[in-house]
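# next one to model:
(one chain, ligands or ions: 1)
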Amino acid sequence: MPETLTITDNRTGKTYEIPIDHDTVRAMDLRQIKVQDDEFGMMTYDPGYTNSASCKSEVTYIDGDKGILEYRGYPIEQLAEKSSFMEVAYLLLNGDLPNGGQLEGWQQSLSQHTIVHENIKRQMESFRYDAHPMGMMISTVAALSTFYPDAKAVRCADNRKLQIERLMAKIPTIAAFTFRHSQGHPYIYPSNKLGYTENFLTMMFRMVGNDYVPDPAIVKALDVLFILHADHEQNCSASVMRAIGSSEADPYSAWAGAAAALYGPLHGGANEAVLKMLNEIGDVSNVPEYMDRCKNGELRLMGFGHRVYKNYDPRARIIKKCADEVFEVTGRNPLLDVALELERIALEDEYFVKRKLYPNVDFYSGLIYQAIGLPVAMFPVLFAIPRTIGWLAQWAESLEDKEQRIQRPRQIFLGERERNYVPRNER
Ligand code: CMC
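Just a heads-up that it's a prediction; the model follows:
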């Protein structure tokens, strides 16, 4: 069977044979299709990139119809059950699970970089008391680029490794500082004796002079949430990371751009929006009326629907189980009943069934974060911490990819042309 696509241009009657590779045709192969020789040639039009591959990748595989998610070939269910976030981060970055020595080396390298320059801390202190943690986070990481001008050498693999370790190590510290700031509490420095997730929780919740030790069940649950959020192939924020990286900007600046994309309520800000929605609904008895408003197009059911998954998001299934384990320690979140009722109705309702709208990763995660004692504004930050490794793995891969060039899409121009300037008093 020839791996080609035959296209006939009915405007000219000409036929073109276009190679197919991995069920894909190259957009540049369409450029030869023209009516006149001096024309630009044919392009594809794909707003929102719903059917265009922007890269070849070996990091994360998703089959949205079957509800499959794999990191470097390992099913997310196995990683969530058996692995740790540190192992998964190593896997995403390097392609294979680490052996004992490799894992220890990776953790040891990160522990060298957990503190931030005191000026970074001072800069964070200058934010208003009610600054949104995600805004603080984005600008603080962008500011890190001024502390590490060496990070501009993005083509050097050793340099990239150093910056990746720095970013991975400092992100939990900065994230915890944003929380302490919002509480008006002193910032707590990292402890390199603790594991990644435990250290983060300790920087969040330890009070001066007390010996806060996080409950192991909470550490485990957060570690699982970190695994589930670590990467999701070419989503909005990862694409931004690659796009900024394609201009050879340093990874701190690229991270800030990616995190800004994540912040939006249609992406990583959805977990915050879900909690607001559940609070607004307030009681199970109000669910049917809220669902009607969603179906009328007045509202979106936050935490539902996905560009790629047209089946139950496998991460949502794992999180739902995880929530039960957390609630055993923290007590049941009363909003869970509202969430369960929303899900029950949506899975039966024709509007949602027809559009294949299922709960996504953000539907239940907020209930867990809230039970752990985190304010809603911290939720997007809790998404950004683990997603850092996904962005960095995608960024490093794109810089190694010989086919990649600066990202620069085309447009279909529909505006006015060739107008003559009219003096102001004649308009
Ligand atoms: N509630 C009600 N209707 C919806 C929803 C929803 N949450 N999502 C999609 N639809 C409808 C939409 O109105 C459209 O209907 P119609 O065909 O009648 O016009 C149809 O379903 C297709 O929607 P779309 O907007 O074309 O789908 P998309 O692939 O462009 O958007 C999405 C995907 C995730 C942005 C969208 O489903 C959404 O806004 N969901 C709520 C926000 C959310 O939970 N985001 C988190 C996504 S998962 C984590 C992450 O990416 O960070």
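
# from here on, contacts and neighbour counts on C-alpha atoms
Will do.

# look up the closest residue to Ser145, ignoring the ones flanking it.
Tyr252 (5.3 Å; Cα to Cα, 6 or more residues apart in numbering).

# on contacts alone, who are the packing partners of the helix or strand hosting the one you found?
In this structure, Tyr252 is located in helix 251-263 according to DSSP states H and E. Contacts defined by 3 or more Cα pairs under 8 Å, 6 or more residues apart in numbering; DSSP states H and E place helix 251-263 against helix 133-147, helix 236-245, helix 379-400.

# mean pLDDT for those - can I get that in CSV?
Below are the helices and strands packed on helix 251-263 laid out as CSV (pLDDT from 0 to 100):
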stretch, mean pLDDT
helix 133-147, 97
helix 236-245, 98
helix 379-400, 97
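
# tell me which of those sits nearest to the ligand.
The closest of those to the ligand is helix 236-245. By Cα to the nearest ligand atom, the value is 7.3 Å.

# and the closest one, what does it pack against?
Using 3+ Cα pairs under 8 Å, 6+ apart, helix 236-245 sits against helix 251-263, helix 379-400.

# circling back: can you name the next helix or strand after the helix holding Tyr252?
Once the chain leaves helix 251-263, the next helix or strand it forms, by DSSP H and E, is helix 270-281.

# just the residues contacting that next one, thanks.
264-265, 287, 290, 302-303, 335, 338-339, 362-367, 376-377, 379-380 (Cα atoms under 8 Å, 6 or more residues apart in numbering).

# now the buried members of the residues you listed.
Among the contacts of helix 270-281, the ones that count as buried by 16 or more other Cα atoms under 10 Å are 264-265, 287, 290, 302-303, 335, 338-339, 362-367, 376-377, 379-380.

# intersect those with the contacts of the ligand.
For the ligand, the contacts drawn from the buried ones among the contacts of helix 270-281 by Cα under 6 Å from any ligand atom are 302-303, 362.

# please save the CA atoms from stretch 362-369 in PDB.
Extracted in PDB, the C-alpha atoms of stretch 362-369 (Å, rounded to 0.1, in the frame of the first residue of the first chain):
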ATOM      1  CA  ASP A 362      -9.100  19.400  37.600                       C
ATOM      2  CA  PHE A 363     -12.600  18.300  38.700                       C
ATOM      3  CA  TYR A 364     -11.600  16.500  41.900                       C
ATOM      4  CA  SER A 365      -8.000  17.800  42.600                       C
ATOM      5  CA  GLY A 366      -9.300  21.000  44.200                       C
ATOM      6  CA  LEU A 367     -11.300  19.100  46.800                       C
ATOM      7  CA  ILE A 368      -8.100  17.400  47.900                       C
ATOM      8  CA  TYR A 369      -6.100  20.600  48.000                       C
END
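
# what's the longest helix in this protein?
Secondary structure of the chain read by DSSP state H shows that its longest helix is helix 157-183.

# that one vs helix 133-147, what angle?
Put simply, helix 157-183 runs at 140 degrees to helix 133-147, going by axes from the mean of the first three to the mean of the last three Cα atoms, to 10 degrees.

# buried ones in helix 157-183?
160, 163-182.

# quick one: neighbours of Tyr45, just the number.
With neighbours defined by other Cα atoms under 10 Å, the count for Tyr45 comes to 13.

# now it: which helix or strand?
With DSSP H and E as the test, Tyr45 turns up in no helix or strand.

# where's Leu5, which helix or strand?
For Leu5, the element it lies in under DSSP H and E is strand 4-9.

# tell me the strands beside that strand, with direction?
strand 14-19 (antiparallel) (DSSP bridges).

# show the contacting residues for Ile138.
255-257, 259-260.

# any idea which of the residues you listed has the most stuff around it?
Ala259 (31 neighbours).

# next one: the residue nearest to Ser145 relative to Arg31, how far apart?
Tyr252 is 36 Å from Arg31, where distance means Cα to Cα, to the nearest Å.

# same question, Leu97
Leu97 sits at a distance of 42 Å from Arg31 (criterion: Cα to Cα).

# more neighbours, these two?
Of the pair Leu97 and Arg31, Leu97 is the one with more neighbours under other Cα under 10 Å, namely 18 against 14.

# so who does the more buried one touch?
The neighbourhood of Leu97, defined by Cα under 8 Å, 6+ apart, consists of 87-88, 90-91.

# got the residues you listed as JSON lines, with secondary structure, pLDDT and neighbour count columns?
Below are the contacts of Leu97 laid out as JSON lines (DSSP: H, G, I helix; E, B strand; the rest coil; pLDDT from 0 to 100; neighbours: other Cα atoms under 10 Å):
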{"residue": "Glu87", "secondary structure": "helix", "pLDDT": "98", "neighbour count": "21"}
{"residue": "Val88", "secondary structure": "helix", "pLDDT": "98", "neighbour count": "27"}
{"residue": "Tyr90", "secondary structure": "helix", "pLDDT": "98", "neighbour count": "19"}
{"residue": "Leu91", "secondary structure": "helix", "pLDDT": "98", "neighbour count": "20"}
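
# thinking again about what came up before, dump the ones next to the ligand among the buried ones among the contacts of helix 270-281 into JSON lines; add secondary structure and pLDDT as well.
Formatted as JSON lines, those follow (DSSP: H, G, I helix; E, B strand; the rest coil; pLDDT from 0 to 100):
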{"residue": "Met302", "secondary structure": "coil", "pLDDT": "92"}
{"residue": "Gly303", "secondary structure": "coil", "pLDDT": "91"}
{"residue": "Asp362", "secondary structure": "helix", "pLDDT": "88"}
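
# just curious, which of those residues is nearest to the ligand?
Closest to the ligand out of these is Gly303 (3.2 Å), distances taken as Cα to the nearest ligand atom.

# need the phi and psi values for the closest one.
phi 80, psi 10 (degrees, to the nearest 10).

# could I get the contacting residues of it?
Residues near Gly303 by Cα under 8 Å, 6+ apart: 270-271, 274, 359-364.

# Tyr71 now?
So Tyr71 contacts 59-61, 91-92, 231 (Cα under 8 Å, 6+ apart).

# any idea which of those is closest to Phe352?
Distance to Phe352 across the contacts of Tyr71 (Cα to Cα) is lowest for Tyr61, with 25.4 Å.

# and that closest one, that's in a strand?
Yes - secondary structure of Tyr61 (DSSP: H, G, I helix; E, B strand; the rest coil): part of a strand.

# beta partners of it?
Beta-bridge partners, per DSSP bridges, of Tyr61: Glu70.

# could I get the phi/psi values of Ala298?
Quick fix: residue 298 is Glu, not Ala. Taking degrees, to the nearest 10 as the convention, Glu298 sits at phi -70, psi -30.

# how about the contacts made by it?
So Glu298 contacts nothing (Cα under 8 Å, 6+ apart).
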